[in-house]
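Q: Can you look at this prediction? I've put the sequence above it.
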Amino acid sequence: MARYDSLVIGGGPAGLSAALYLARFGLTVAIVEKLAHGGLMLLTDDIENYPGFPKGIKGYELSDALSAHLEPYPIDRIRGEITALHAETSPKRVRVDDEWIEADSIVVASGVVYRNLGVPGEEKFIGKGISYCALCDGNFFRGQPVAVVGGGNTALEESLYLARLVSDVHLVHRRDSFRGAPVYQERVKKTENIHVEYDSVITALHGETGLEGVTVRNVKTGEEHYLAVNGLFVFIGFLPAGGYLPPELNRDANGFIVTDCEMRTNIPGVFAAGDIRSKACRQVATAVGDGVTAANSAYLYLGH
Ligand code: NAP
């Protein structure tokens, strides 16, 4: 059974940064990546707020650059999915697909998964009109009308991206103001083919083999109307991707991992970094900082 000083779970900006620093501390390190490196960055067209890139950088370019930074170091990169984590043992044990790996410390950086809308029929239309990724699926709706749900940075940013491809974006938000950054709110306001429907929710999905329309209800007046759209993009936040985490690990009410400011969890030797951590500011830059801090804490914990 392979054994490492530290095992990093997740290949997004937090995990890649943690692995880089752990390797530079001279520790033996493996990083487990479920799909391609980059995490949610890969699903983002332009990243405009990562410091040092005044003209912005494509999500895939920053993913590749962070990943390439690991190449000179002896880091084992394992492709697979974590199916179990035993954190109270010494060493700790992690099952990747069907194989067990041992590690003296663990950095959990497996990020988040999309939150579903919860409207009846949602499952049926996934891949047939409903999407959670504008960069992946926007092209399918070129020249057609789509709806977007949400009021955070993701909904605003992705609406702006979609507006360049589709005929009309109907942005449906449940309140009368957005929580996304003012810089995106301004751009949404100025984009002619984005039509905002405040105080509104989607209550029904319509279509035979693919999505043809949605029912929108105004939550203040109770009025409903039909919106003919071929696509519905759901951007209403995320849930932690931590189905494998042990019950003894402290989490907040939404399931995000609770840490102190040094990324230490309640279990000695287990650290958490990035979007899966309970925190207010989820950015590529803060994920990188979390990863570095977690690596430093793991190094101190291991007493090297
Ligand atoms: P978010 O900030 O949690 O916003 C989720 C939005 O969806 C909110 O507007 C919320 O409405 C709405 N919502 C939640 N549940 C809903 C439901 N059941 N039905 C209808 N609407 C619902 O999520 P996010 O926009 O995906 O962003 C996640 C994190 O990543 C945030 O920290 C964000 O700042 C960060 N992020 C940053 C950038 C960037 O800096 N460029 C880009 C993307 C994401 P309410 O407002 O009423 O709660």
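A: That came in fine, so what should we check first?
Q: And the strands in the stretch 51-200 of the chain?
A: Secondary structure of the stretch 51-200 of the chain (DSSP state E, counting those that start in this stretch): strands at 57-58, 75-79, 82-86, 92-96, 99-108, 112-114, 130-131, 145-149, 168-172, 194-197, 200-206.
Q: can I get those strands in a markdown table with mean pLDDT?
A: Listed next are the strands of the stretch 51-200 of the chain as a markdown table, based on pLDDT from 0 to 100:
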| stretch | mean pLDDT |
| --- | --- |
| strand 57-58 | 96 |
| strand 75-79 | 97 |
| strand 82-86 | 96 |
| strand 92-96 | 97 |
| strand 99-108 | 97 |
| strand 112-114 | 94 |
| strand 130-131 | 96 |
| strand 145-149 | 98 |
| strand 168-172 | 98 |
| strand 194-197 | 98 |
| strand 200-206 | 98 |
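Q: Make TSV from those and add mean neighbour count and distance to the ligand to it.
A: Glycine gets a C-beta too; all of them are placed from N, C-alpha and C. Formatted as TSV, those follow (neighbours: other C-beta atoms under 10 Å; distance: least, C-beta to the nearest ligand atom, whole Å):
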stretch	mean neighbour count	distance to the ligand
strand 57-58	18	12
strand 75-79	17	26
strand 82-86	17	23
strand 92-96	20	27
strand 99-108	22	18
strand 112-114	17	8
strand 130-131	25	14
strand 145-149	25	5
strand 168-172	24	8
strand 194-197	17	12
strand 200-206	18	6
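Q: Mind putting the ones you listed into a markdown table with distance to residue 258?
A: Output for these, formatted as a markdown table (distance: least, C-beta to C-beta, whole Å):
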| stretch | distance to residue 258 |
| --- | --- |
| strand 57-58 | 32 |
| strand 75-79 | 27 |
| strand 82-86 | 16 |
| strand 92-96 | 19 |
| strand 99-108 | 12 |
| strand 112-114 | 16 |
| strand 130-131 | 32 |
| strand 145-149 | 29 |
| strand 168-172 | 33 |
| strand 194-197 | 36 |
| strand 200-206 | 31 |
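Q: Near the ligand, which residues of the stretch 101-250 of the chain? Just list them.
A: 149-155, 157, 174-175, 179, 201, 235-238 (C-beta under 6 Å from any ligand atom).
Q: which of those residues sit farthest apart?
A: Using C-beta to C-beta, the two most remote members of those are 157 and 201, lying 20.9 Å apart.
Q: burial measure for the residue in the chain that the ligand sits nearest to, as a count.
A: The minimum distance from the chain to the ligand, using C-beta to the nearest ligand atom, falls at residue 152 (2.3 Å). By other C-beta atoms under 10 Å, the residues close to residue 152 number 18.
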